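okay, structure incoming, though there's no sequence with it:
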């Protein structure tokens, strides 16, 4: 294929935005990505399946049904190095790059996908202010030699498909994330740094009891059960700096 075909990209974007179902949108994305060497698509939000039922997340794929069932039964996403890297990364990356960071269980998860002939691919992370992280993973039986321009073309079309599906199939229960106030965020940020309530009060020039109440409000907003859970939730939701 040519290194750049703006007409093909624009045609794909318009075709995807005109779709009325997840299956149709995936088919349009598949038709576009096939020219780049990818035949399999996994598009979804990156959430803990122990916390969120499958029906409450964006999840569309043309992977074999048996493979999808095996991954669900084994909670594969919790160990999948591609999913874990997508939570952190804002840029597309190859599956091989993520595999380098895989745990022992993570490598088993990757091997599970390889068993179905899906051995190479790229992940395009999706991050938005008003919803949790997600991604579009394109796979196949070989890794194509793509230019930076071609990767950018794929990223633009994957973004179109992902956010179109999120709008069409949502809203999801957590799409509007709870926002901490500036004072709440300050207190949680210092708590993340290991500061005590007394230290936070001294730094911010407020009463220690006010810090305690502020952290309690933040816990309720983020459904956190304790201080450590609050810090972890705030970081995961992009409310404070890690």
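Nice, thanks for sending it over. These numbers were taken from a predicted model, which means no experiment stands behind them. Numbering: from 1, shown residues only.

now the helix or strand of the chain with the lowest mean pLDDT: buried residues?
Lowest mean confidence among the helices and strands of the chain (mean pLDDT, DSSP states H and E): helix 227-236, at a mean of 91. By 16 or more other C-beta atoms under 10 Å, the buried positions in helix 227-236 come out as 230-231, 233-234. (Each C-beta comes from the backbone N, C-alpha and C, glycine too.)

hey, where'd the strands end up in the protein?
Using DSSP state E, the strands of the chain run over 40-45, 59-61, 93-94, 120-128, 131-140.

and which of the buried residues of helix 227-236 is nearest residue 34?
Nearest to residue 34 out of those is residue 233 (C-beta to C-beta; 39.4 Å).

could you give the angle of the longest helix seen in the chain to strand 40-45?
Ranked by residue count under DSSP state H, the longest helix found in the chain is helix 148-169. Relative orientation of helix 148-169 versus strand 40-45 (axes from the mean of the first three to the mean of the last three C-alpha atoms, to 10 degrees): 50 degrees.

chain center to helix 148-169, what's the gap?
Relative to its chain's centre, helix 148-169 lies at 13 Å (C-alpha atoms, centre = their mean, to the nearest Å).

helices or strands next to that helix in the packing?
Where contact means 3 or more C-beta pairs under 8 Å, 6 or more residues apart in numbering; DSSP states H and E, helix 148-169 is packed against helix 6-17, helix 22-34, strand 40-45, strand 120-128, strand 131-140.

wait, which of the ones you listed is closest to residue 146?
strand 120-128 (7.9 Å).

which strands or helices does the least confident helix or strand of the chain pack on?
Using 3+ C-beta pairs under 8 Å, 6+ apart, helix 227-236 sits against helix 182-192, helix 208-222.

so which bits of the first one are buried?
For helix 182-192, a neighbour-count test (16+ other C-beta under 10 Å) marks 184-192 as buried.

just want the most central residue of this protein.
residue 134 (2.3 Å; C-alpha atoms, centre = their mean).

okay, now the domains of the chain?
6-169, 182-236 (automatic domain parsing).

average pLDDT for the first one?
In this model, domain 6-169 has a mean pLDDT of 95.

between the two ends of that domain, what distance do you get?
28 Å (C-alpha to C-alpha, to the nearest Å).
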